[in-house]
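Novice: Everything below, folded, please.
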Amino acid sequence: MPAARTMPSTDNTTGGWINGFIGVLIFSGSLPATRVAVQDFSPVFVTVARAAIAGVLALGLLLIFKEKRPVRSQLFSLIIVAIGVVVGFPLLSALALQYVTSAHSIVFLGMLPLTTAIFGVIRAGERPRPAFWIFSITGSLLVIGFAVAQGLTASPAGDILMLLAVLVCGLGYAEGAKLSKTLGGWQVICWALVLSLPFMAPLTLLLQPASFAGVSTPAWVSLGYVALFSMLIGFIFWYRGLAQGGIAAVGQLQLLQPFFGLALAATLLHEQVSIGMLGVTVGVILCVAGSRKFAK
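Specialist: Numbers count the residues shown, from 1 in each chain. Here you go, the predicted structure:
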């Protein structure tokens, strides 16, 4: 991936935003699909099964394209990626969805751009302008304010789990984007999945339900979606986009994810989307333009 290893040009930055946008579209279906899956499967089984399925596919891709193994200095970053996005976020969000609706949990994703940007500074050395933080923090405060007003008293366990999920996910995003500049975008998520496979495959067999007779078709389809799209294909676009356009800048596209996710939750799951949810979503989306302008 030569383009990901050079200093960002105008075309490269535009490509980064396009790839990032595609990744966000794919990720938008993750929480609604997980919500459906955990109705028939346990949250832990969904976590390990999606990683195991994606890990087998990732191993196949690496073998087909005869990719070189990561060097020892890259293994620590790959472990962080695996902990953040292969295990941490899927498990914590699946556990949270036992307590809250997918529409409610999606609102928390509005904080992902801020956590990703913070870890982009810590792990990748990015330095956005001060004005960038104003827009990013404003969007996050809108989300937190809504959660306090609508959800924390209803299910503190679900909200705490989602907050932790967003934190580890931001770390995994930033670390993966940093590594993508030298290892390649799709290679990063594939190697992270392969590193996790020796643990996830046995756990999948150990934690599988005693019988699959009662598992509905929507649950199977949802498990397939989070394994193929959320765990693998989405990251191919996302990590490439972050590496091309900058972690802090392209990371602000995540502010669009609640909007797409709420639409899916309302359309597919028939969950109620309140005026407050829509208002918060619109507010954080408006922060994208300002934060994008001052990200560099």
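
Novice: Which helix in the chain has the most residues?
Specialist: Scanning the chain for the helix with the most residues, using DSSP state H, yields helix 156-183.

Novice: average pLDDT across that one?
Specialist: The average pLDDT for helix 156-183 rounds to 92.

Novice: Use 30 as the first number from now on
Specialist: All right, first residue 30 from here; so that's helix 185-212.

Novice: following it, which helix or strand shows up next?
Specialist: Next in sequence after helix 185-212, counting helices and strands by DSSP states H and E, comes helix 214-236.

Novice: chain center to the longest helix of the chain: distance?
Specialist: In terms of CA atoms, centre = their mean, to the nearest Å, the centre of helix 185-212 is set 7 Å apart from its chain centre.

Novice: Same question for stretch 241-254.
Specialist: Relative to its chain's centre, stretch 241-254 lies at 22 Å (CA atoms, centre = their mean).

Novice: buried stuff in it?
Specialist: Under the neighbour-count criterion of 16 or more other CB atoms under 10 Å, stretch 241-254 has Ala248, Ser251, Leu252, Tyr254 buried. C-beta here means a position set from N, CA and C on the backbone, and glycine is covered the same way.

Novice: which SSE is the last one in?
Specialist: Using DSSP H and E, Tyr254 falls within helix 246-254.

Novice: what's that helix in contact with?
Specialist: For helix 246-254, contacts defined as CB atoms under 8 Å, 6 or more residues apart in numbering pick out 58-59, 62-66, 68-70, 75, 78-79, 82.

Novice: do stretch 310-322 as well
Specialist: Taking CB under 8 Å, 6+ apart as the rule, stretch 310-322 contacts 136, 139, 142, 160-161, 163-165, 167-169, 171-172, 277-278, 281-282, 284-285, 287-288, 291.

Novice: Low-confidence ranges, the stretch 180-325 of the chain, go.
Specialist: Residues of the stretch 180-325 of the chain meeting the criterion pLDDT under 70: 180-183, 325.

Novice: Helices along the stretch 30-179 of the chain, start to end?
Specialist: 39-56, 59-66, 72-93, 101-110, 118-125, 131-137, 141-153, 159-179 (DSSP state H, counting those that start in this stretch).

Novice: Out of those helices, flag the one nearest Phe258.
Specialist: Each of the helices of the stretch 30-179 of the chain has some distance to Phe258 by CB to CB; the shortest is helix 39-56, at 5.1 Å.

Novice: Output that closest one as CSV - backbone C-alpha positions only.
Specialist: Only the C-alpha atoms of helix 39-56 are listed here, as CSV (Å, rounded to 0.1, in the frame of the first residue of the first chain):
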residue,chain,number,x,y,z
THR,A,39,-5.0,16.2,-1.7
ASP,A,40,-6.0,13.1,-3.6
ASN,A,41,-4.8,10.9,-0.8
THR,A,42,-6.8,12.8,1.7
THR,A,43,-9.9,12.7,-0.5
GLY,A,44,-9.5,8.9,-0.8
GLY,A,45,-9.1,8.7,2.9
TRP,A,46,-12.5,10.4,3.5
ILE,A,47,-14.1,8.1,0.9
ASN,A,48,-12.7,5.0,2.4
GLY,A,49,-13.6,6.2,5.9
PHE,A,50,-17.2,7.0,4.9
ILE,A,51,-17.6,3.5,3.4
GLY,A,52,-16.2,2.0,6.7
VAL,A,53,-18.7,4.0,8.7
LEU,A,54,-21.6,2.9,6.6
ILE,A,55,-20.6,-0.7,7.2
PHE,A,56,-20.1,-0.2,10.9
